[in-house]
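> sequence and predicted model, in that order:
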Amino acid sequence: MRTIRALKNINTVRVYHCPPPPYVRPWSVEHSRSCSSSSAEKRMPANSMLRHLTSKIKSTGPISVAEYMREVLTNPVTGYYVQNDMLGPDGDFITSPEISQIFGELLGIWCLSEWMGAGKPGTFQLVELGPGRGSLTNDILRVFSQLRAVLGEAAVSLHLVEVSPKLSLIQAQCLSGNQSQVSACQDEPVYRRGTTSTGFPISWYRNLDDVPRGFSIYLAHEFFDALPIHKFQKTEKGWREVMVDVNPEEPGKLRFVIVPAPTMASTQLIQADEQRHHVEVCPEGGVIVQRLANRIAEEGGAALIADYGHDGTKADTFRGFKGHKLHDVLASPGSADLTADVDYSYLRKMAGATVACMGPISQRNFLKNMGIDTRLQVLLRNCADPSTRAQLIQSYDMLTNPLKMGERFQFFTMLNHSRLTRPQAKQPKVGEKMAPVPTKFPAPLPVAGFSELGLS
């Protein structure tokens with residue numbers, strides 16, 4: 001494909017936000033989110049979140065794991081994501097775009113490929129959910145800038161859905177420098193606007209529903225794994241919900257309990273054919289997928305979801321991360337990141353027949369299908385600095401090695417059904433004769449990343 005081949009001519013080697021090897025924690029067999037050193041405890045007032053949760057539980061009784069995650073991560077006053085910059089060397093974990101520029105570049109090619117596969121619409125919205133520090137978007141925009149001839153006269157705009165004021169400021173500095181302004185009214189759907197360094201308009205929103213309708217490519221990288229989950233345990237009396245309670249023997253600590261009676265969640269969220277004995281369900285993720293699916297079906301476009309996940313095979317994946325290490329999810333709430341693997345089988349069921357779904361496919365296979373090996377060779381060929389070359393090779397290994405991120409990270413896409421169907425013969429108007437039926441219709445372009453694309 002033309003866009004993939006063009007990567008051979010982009011020779012810029014990005015200066016990384018932080019070098020991968022020192023800040024990525026060792027990999028374990030069961031848990032697979034990469035982390036970096038933490039100063040979160042210094043940023044949080046001692047036990048403020050724990051006091052808040054303890055008071056809440058004593059007043060209303062045990063709370064669901066979903067409510068616990070929502071409070072700990074996004075509470076508007078003391079929430080982990082609201083108060084902290086959790087990414088990079090001063091945070092608690094590091095993501096693929098921070099590890100290597102190649103990751104974002106290949107996703108930029110994916111976005112262009114899907115725009116081309118949809119017939120090159122005149123309006124092209126790039127929407128990212130939870131954009132982190134803006135590194136992924138920055139690398140994508142560099143590809144867009146290098147391939148402006150491919151985009152032609154398309155009206156490209158950037159739309160970021162971000163709940164953290166601190167991260168939105170970091171994103172603005174990364175993507176637009178001083179070329180952004182905060183809305184004077186807090187109730188405005190767009191709370192920040194600007195222009196990227198590459199000349200594209202950019203807007204920030206707190207909710208997906210506020211993003212304008214229109215042909216859009218949606219990206220969700222390490223977004224769904226942080227959404228609140230409900231946990232359920234199969235017992236002799238049927239499915240029961242696992243909740244968070246105050247430990248009566250140690251009042252300053254929290255514990256998990258299995259509630260004796262069914263809850264609304266346990267009666268509504270468990271699939272009838274569920275075979276596992278312990279299940280995690282993310283209803284908020286299901287709602288977001290349905291909204292994305294409806295937008296794609298009505299307006300065109302595609303969604304690419306990339307996260308640690310499984311296809312309905314895992315049970316207990318809820319965990320915390322702080323300072324290179326796994327962290328007890330109930331200890332010092334608010335001082336560590338909380339995450340759970342994405343159940344792609346659940347997302348597929350929530351999308352239903354509204355869109356065409358592909359995946360999940362491993363990150364290793366996706367990136368190799370996208371031409372990561374060729375791209376690495378281009379960068380190495382144009383880089384003389386030994387330390388930078390070593391960094392590029394180590395980053396490639398981190399992204400593709402099956403024992404690191406290569407197999408644990410999964411890609412999943414939702415597409416408009418028309419994207420995968422052959423064009424149909426045009427129906428005549430009333431009074432017109434039926435045109436001869438062509439013997440052949442052009443086949444739709446293959447979906448980048450989910451099938452091997454030639455680079456010649």
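Everything's here; your move.

> going forward, measure contacts and count neighbours with C-alpha atoms only.
Fine.

> Ile372 contacts Ile102, doesn't it?
Yes. If you go by Cα atoms under 8 Å, Ile372 and Ile102 touch, sitting 7.1 Å apart.

> and those two? Which one has more around it.
Taking other Cα atoms under 10 Å, Ile372 and Ile102 do not tie; Ile102 has more neighbours (27 against 21).

> low pLDDT regions in the chain?
1-46, 83-94, 324, 423-443, 453-456 (pLDDT under 70).

> quick check: beta-bridge partners of the residue at minimal distance from the centre of it?
When Cα atoms, centre = their mean is applied to the chain, the residue found nearest the centroid is His221 (2.1 Å). Applying DSSP bridges to His221 gives these bridge partners: Ala306.

> if I look at it, how far off is Ser55?
Separation of His221 from Ser55 (Cα to Cα, to the nearest Å): 34 Å.

> now do Gln173
38 Å.

> more neighbours: the two, which one.
Gln173 (16 against 13).

> three-state assignment of that one?
Classification of Gln173 using DSSP: H, G, I helix; E, B strand; the rest coil returns helix.

> verify the stated contact: Leu292 with Ala303.
Yes. Counting by Cα under 8 Å, Leu292 does reach Ala303; the two are 7.3 Å apart.

> Phe256 should be in a strand, yeah?
Yes. Assessed with three-state DSSP, Phe256 lies in a strand.

> contact partners for the residue lying closest to it once chain neighbours are set aside?
Sequence neighbours aside, Val244 is the residue nearest to Phe256 in space, at 4.7 Å (criterion: Cα to Cα, 6 or more residues apart in numbering). If you count contacts by Cα atoms under 8 Å, 6 or more residues apart in numbering, Val244 has them with Pro62, Ile63, Ser64, Val65, Tyr68, Leu254, Arg255, Phe256, Val257.

> so is Val244 in a helix, a strand, or just coil?
Three-state call for Val244 (three-state DSSP): strand.

> bridging residues for it?
Here Val244, judged by DSSP bridges, has bridge partners Ile63, Phe256.

> how far away is it from Thr263?
For Val244 relative to Thr263 (Cα to Cα), the value is 14 Å.

> now do Val127
36 Å.

> just the terminal-to-terminal distance for stretch 330-344.
Terminal-residue distance, stretch 330-344 (Cα to Cα): 26 Å.

> so what touches that stretch?
Taking Cα under 8 Å, 6+ apart as the rule, stretch 330-344 contacts 40-41, 44, 47, 49-50, 69, 72-73, 78-80, 86, 92, 224-227, 229, 253-255, 281, 307-312, 317-322, 327, 329, 360, 412.

> of these, buried ones?
40, 44, 47, 49-50, 69, 72-73, 78-80, 86, 92, 224-227, 229, 254, 281, 307-312, 318-322, 327, 329, 360, 412 (16 or more other Cα atoms under 10 Å).

> distance-wise, check Thr54 relative to Ser64.
On the measure of Cα to Cα, Thr54 and Ser64 end up 13 Å apart.

> looking at the two, which has the bigger crowd around it?
Counted by other Cα under 10 Å, Thr54 and Ser64 do not tie: Ser64 has more neighbours, with 23 against 20.

> ok, and the closest non-adjacent residue to the more buried one?
Met243 is the one closest to Ser64 (Cα to Cα, 6+ apart), at 4.6 Å.

> could you count how many residues lie near Ser345?
15.

> contact partners for it?
His310, Asp311, Gly312.

> if you set the cut-off to 6 Å instead, what comes out?
Residues near Ser345 by Cα atoms under 6 Å, 6 or more residues apart in numbering: Asp311, Gly312.

> next: Gly79.
Val72, Leu73.

> any idea how far it lies from Asp139?
29 Å.

> now swap in Pro260 and tell me
In terms of Cα to Cα, Pro260 sits 50 Å off from Asp139.

> those two: who's more crowded?
Asp139 (23 against 12).

> for the more buried one, helix, strand, or coil?
Once three-state DSSP is applied, Asp139 turns out helix.

> from memory it sits against Leu106, does it?
No. With contact defined as Cα atoms under 6 Å, Asp139 does not reach Leu106; the gap is 9.0 Å.

> phi first, then psi, for Ala293.
phi -60, psi -40 (degrees, to the nearest 10).

> that one - how many residues pack around it?
Around Ala293 there are 27 residues (other Cα under 10 Å).

> so who does it touch?
Contacts of Ala293 (Cα under 6 Å, 6+ apart): Ala351, Val355.

> what about it, distance to Val355?
Ala293 is 6 Å from Val355, by Cα to Cα.

> before we move on, back to that, quick check: the residue nearest to Ser64 vs Glu452, distance?
44 Å.

> which parts of the stretch 251-400 of the chain are strands?
254-258, 278-281, 301-310, 319-322, 325-327, 337-339, 342-343, 356-362 (DSSP state E, counting those that start in this stretch).

> hmm, who's touching the fifth one?
Think strand 325-327. Against strand 325-327 from outside (Cα under 6 Å, 6+ apart): Gly320, Phe321.

> for the last one, same thing?
Counting by Cα under 6 Å, 6+ apart, the neighbours of strand 356-362 from elsewhere in the structure are Glu407, Phe409, Gln410, Phe411, Phe412, Thr413, Met414, Leu415, His417.

> ok, the fourth one - contacts?
Under the criterion of Cα under 6 Å, 6+ apart, the neighbours of Phe411 are Ile305, Ala306, Pro360, Ile361.

> make sure it is indeed in a strand.
Yes. Checked against three-state DSSP, Phe411 lies within a strand.

> what residue, apart from its backbone neighbours, is nearest it spatially?
Closest to Phe411 by Cα to Cα, 6+ apart is Ala306, at 4.5 Å.

> also the third one?
Of all residues not flanking Gln410 in the chain, Ser362 sits nearest, at 4.6 Å (Cα to Cα, 6+ apart).

> quick one: neighbours of that neighbour, just the number.
The number of residues near Ser362, taken as other Cα under 10 Å, comes to 25.

> repeat that for Arg381.
So Arg381, with other Cα under 10 Å, has 11 neighbours.

> and Gln394, by the same measure?
So Gln394, with other Cα under 10 Å, has 16 neighbours.
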